[in-house]
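S.K.: Below is the sequence, then the predicted model.
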Amino acid sequence: MSALNSSSLHQLYQAHNGWLKQWLRTRLGNASDAADLAQDTFVRVLTARNVQSIREPRTYLSAIARALMIDRFRRRAIEQAYLETLALQPAAVAISPETRLLIIETLVAVDALLDGLGERTRAIFLAVQLEGLSYVAAAERFAVSVTTVKKHMVRALTHCLLLAQEGDGA
């Protein structure tokens, strides 16, 4: 972040953080959640754009905060539904020795598959597949171009397909 952008973000934060927290508090009814969402809003501003180009700060900040509130409500609804479903399930059953062996064999196979990839290819593949990073986010994390991420993904997926074909006897 440039010094000018950092200074602009600081000024934006100083001028509007209190207002944003109050705006959120009236909608959430909770000062702690309001403070968390206000902070998340400024983190989004930090990562999303050039702060100097914001023309209507309160409109911009409230739009980001509103989207974050919706995300929070959705996440809580999903979590609540999961907990309710879990409560309806019978008590956990011990895993049979056969199932345990299948799980261990699967984990060993996945480990071998990943071991056949280069270090960077493996890291990018796991970040995209397990963490759900977009190619753009993976490029930023690993300080490479999106094209390089795509090449690593093609390499990893080709490796997986070749190993799957070998396993099928094809």
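M.R.: That came through fine.

S.K.: Can you pull out the residues in contact with the one helix or strand Ala156 maps to?
M.R.: Element membership of Ala156 [criterion: DSSP states H and E] is helix 146-168. For helix 146-168, the surrounding residues in contact (C-beta atoms under 8 Å, 6 or more residues apart in numbering) are 113, 116-118, 120-122, 124-125, 128, 135-136, 138-139, 142. All C-beta spots, glycine's among them, are computed from the backbone N, C-alpha and C.

S.K.: If you rank these by neighbours, which is first?
M.R.: When neighbours are counted by other C-beta atoms under 10 Å, Ile124 leads the contacts of helix 146-168 with 27 neighbours.

S.K.: re earlier: looking at the contacts of helix 146-168, which is nearest Gln39?
M.R.: Distance to Gln39 across the contacts of helix 146-168 (C-beta to C-beta) is lowest for Val136, with 23.6 Å.

S.K.: mind listing what the closest one touches?
M.R.: By C-beta under 8 Å, 6+ apart, Val136 lies in contact with Val146.

S.K.: So what's the residue count around Gly29?
M.R.: Gly29: 9 surrounding residues under other C-beta under 10 Å.
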